[in-house]
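Student: I would like the atomic coordinates for the input below:
(one chain, ligands or ions: 1)
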Amino acid sequence: MLLYIHVPFCRSKCGYCGFHSHQPGPGQMESYVDALLLELAHWGDVYDRPSVSSVYFGGGTPSLLPPNVINALGSSIRRNFALKPDVEMTFEGNPETVGAMDTLQAIKDIGVTRLSMGVQSLDNAQLAALGRRHRVRDVYRAIEQAHVIGFGNINLDLIFGLPGTRLKIWLDTIRAALELCPQHLSCYALTVEPDTPLERACFDRSITLPDEQETAKMFLYGADLLEEHGFLQYEISNFSKLGFQSRHNLGYWEGKNYLGLGPSAVSTVRGRRWANPADLGVYVNAVSSKKLDATAEQLTPEERTKEMVMLRLRTTRGLNLRGYRMLTGRAFMEVHRPLVEALSHKDLVRINNGYLRLTRHGMLVSDAILAHMFEREEAAGQGELPSTSG
Ligand code: SF4
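Tutor: Numbers count the residues shown, from 1 in each chain. Modelled structure (predicted):
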């Protein structure tokens, strides 16, 4: 099982952020921590101290948690869950808070094996434009401190397609990030989330985002540059040195059971899915009344198939066609042959050793490819396949 712990607090809201997070109000950190400790005990009890291969503290900003709270959570996790000896434990943080020595020491003490830092850009003007609290010097400081404490597995999150940037600026950002010697890089395209300051700034044209072609070049040439430096792309947005893939994310894309704790966290265990309430007060009440999975739904075979296709095609390994047949009882090509042949002709997909995977150009249009596949899946589910040449 994979364990995800959502920390819903941030020091301030970044201008592009669509995640569930807010500044902690008076007493909110305390009620959150009390509820989270109760929730850990609850699931440990329900699943009889289940075996866990990965723990991921995400958010929000987990590095905002005080060191004594980090210690208390670490002890509770070990008490209520049987962590595998080679457990991967990831902790997300922002450079301005994760660089504090006592925070880093607490993170190390509870057994965290992997640090993930929200760097986003290595240019102060871009960081300010994004509404980030940290500056480039905080990144250097945090990484230096992390090395002093002994972390040897560090991920940096970066964003491309930032306002006013072009390909050269993105490649320079990657080069600067590589000088920090990370083991893993997550490179996300900037997305304009609804109801954010970024959306408003795009609407009133006070900022201009690079066009689609330029952003596509950033994705393609950025991936080439990373590969030249020994970083293998194993998922659309993720690159790592050999042996440093995120096992947590791979487990999620491979459809392993995962338990999400904290406000808004989603769980899927044995095909049952539920989401914790996003509102902190409602979450606290749901934990006290032990009604967290009261709204759980069993995923239908169609939902499971779509999810498998969608998640596996994000990875460079791709979709195991035998796995698809085992889940659906039919051959993938029986449903998708015309589309796969058309995409393959355009070098957007390839089939190798029983796996269907998107090429890098295919990844650029993955949403459109998936939309076509889902249309065919639905038709197959209803016993009628539309004739399409893809
Ligand atoms: S630090 Fe991350 S989660 Fe928090 S507001 Fe910024 S982007 Fe959102």
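Student: Give the other helices and strands that the longest strand anywhere in the chain contacts.
Tutor: Taking DSSP state E as the criterion, the chain has its longest strand at strand 82-93. Strand 82-93 sits against strand 51-59, helix 101-109, strand 114-120, helix 247-253, with contacts defined as 3 or more Cβ pairs under 8 Å, 6 or more residues apart in numbering; DSSP states H and E. C-beta: built from backbone N, CA, C; applies to glycine.
Student: Just the closest residue of the stretch 201-350 of the chain to the ligand, please.
Tutor: Using Cβ to the nearest ligand atom, the closest approach of the stretch 201-350 of the chain to the ligand is made by residue 264 at 11.5 Å.
Student: so that residue touches residue 8, yeah?
Tutor: Yes - Residue 264 is within contact range of residue 8, at 6.8 Å (criterion: Cβ atoms under 8 Å).
Student: between those two, who's got more neighbours?
Tutor: Counted by other Cβ atoms under 10 Å, residue 264 and residue 8 do not tie: residue 8 has more neighbours, with 22 against 18.
Student: Could you measure from that one over to the ligand?
Tutor: 9 Å (Cβ to the nearest ligand atom, to the nearest Å).
Student: One more: residue 126?
Tutor: Separation of residue 126 from the ligand (Cβ to the nearest ligand atom): 14 Å.
Student: How about residue 137?
Tutor: Using Cβ to the nearest ligand atom, residue 137 is found at 18 Å from the ligand.
Student: host element of that residue?
Tutor: Applying DSSP states H and E as the criterion places residue 137 in helix 136-149.
Student: buried set for that helix?
Tutor: 136, 138-139, 141-143, 145-146 (16 or more other Cβ atoms under 10 Å).
Student: what residues go with each domain of this protein?
Tutor: 2-253, 301-381 (automatic domain parsing).
Student: can you redo those domains as CSV with distance to residue 285 and mean pLDDT?
Tutor: As requested, the domains of the chain are exported to CSV (distance: least, Cβ to Cβ, whole Å; pLDDT from 0 to 100):
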stretch, distance to residue 285, mean pLDDT
domain 2-253, 9, 96
domain 301-381, 29, 95
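Student: Can you tell me which of these is most buried?
Tutor: domain 2-253 (a mean of 18; mean count of other Cβ atoms under 10 Å).
Student: rewinding a little: please convert the helices and strands packed on strand 82-93 to TSV, extending it with distance to residue 357.
Tutor: Listed next are these as TSV, based on distance: least, Cβ to Cβ, whole Å:
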stretch	distance to residue 357
strand 51-59	24
helix 101-109	35
strand 114-120	25
helix 247-253	12
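Student: Looks to me like residue 273 is in a strand.
Tutor: Yes - the assignment for residue 273 is a strand, going by DSSP: H, G, I helix; E, B strand; the rest coil.
Student: Could you export stretch 24-44 as PDB, CA atoms only?
Tutor: Only the C-alpha atoms of stretch 24-44 are listed here, as PDB (Å, rounded to 0.1, in the frame of the first residue of the first chain):
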ATOM      1  CA  PRO A  24      -3.300  28.300   8.600                       C
ATOM      2  CA  GLY A  25      -5.800  30.400  10.700                       C
ATOM      3  CA  PRO A  26      -5.600  30.500  14.500                       C
ATOM      4  CA  GLY A  27      -5.700  27.000  16.000                       C
ATOM      5  CA  GLN A  28      -5.900  25.400  12.600                       C
ATOM      6  CA  MET A  29      -2.500  23.700  12.600                       C
ATOM      7  CA  GLU A  30      -3.300  22.100  16.000                       C
ATOM      8  CA  SER A  31      -6.800  20.800  14.900                       C
ATOM      9  CA  TYR A  32      -5.300  19.500  11.700                       C
ATOM     10  CA  VAL A  33      -2.500  17.600  13.500                       C
ATOM     11  CA  ASP A  34      -4.800  16.100  16.100                       C
ATOM     12  CA  ALA A  35      -7.200  14.900  13.400                       C
ATOM     13  CA  LEU A  36      -4.400  13.600  11.300                       C
ATOM     14  CA  LEU A  37      -3.000  11.500  14.200                       C
ATOM     15  CA  LEU A  38      -6.500  10.200  14.800                       C
ATOM     16  CA  GLU A  39      -6.800   9.300  11.100                       C
ATOM     17  CA  LEU A  40      -3.500   7.500  11.100                       C
ATOM     18  CA  ALA A  41      -4.600   5.400  14.100                       C
ATOM     19  CA  HIS A  42      -8.000   4.800  12.400                       C
ATOM     20  CA  TRP A  43      -6.700   3.300   9.200                       C
ATOM     21  CA  GLY A  44      -3.900   1.400  11.000                       C
END
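Student: And for it, what's in contact with it?
Tutor: 5, 7-9, 50, 64-66, 69, 72-73, 76-77, 79-81, 259, 261-263, 280, 283-284, 287-288, 290, 292 (Cβ atoms under 8 Å, 6 or more residues apart in numbering).
Student: Out of those, name the ones that lie in helices.
Tutor: 69, 72-73, 76-77, 79-80, 280, 283-284, 287-288 (DSSP state H).
Student: just checking, what packs against the helix holding residue 137?
Tutor: Judged by 3+ Cβ pairs under 8 Å, 6+ apart, helix 136-149 is in contact with helix 95-98, helix 101-109, strand 114-120.
Student: Mind giving me the packing neighbours of the second one?
Tutor: Same thing as helix 101-109. helix 67-80, strand 82-93, helix 95-98, helix 136-149.
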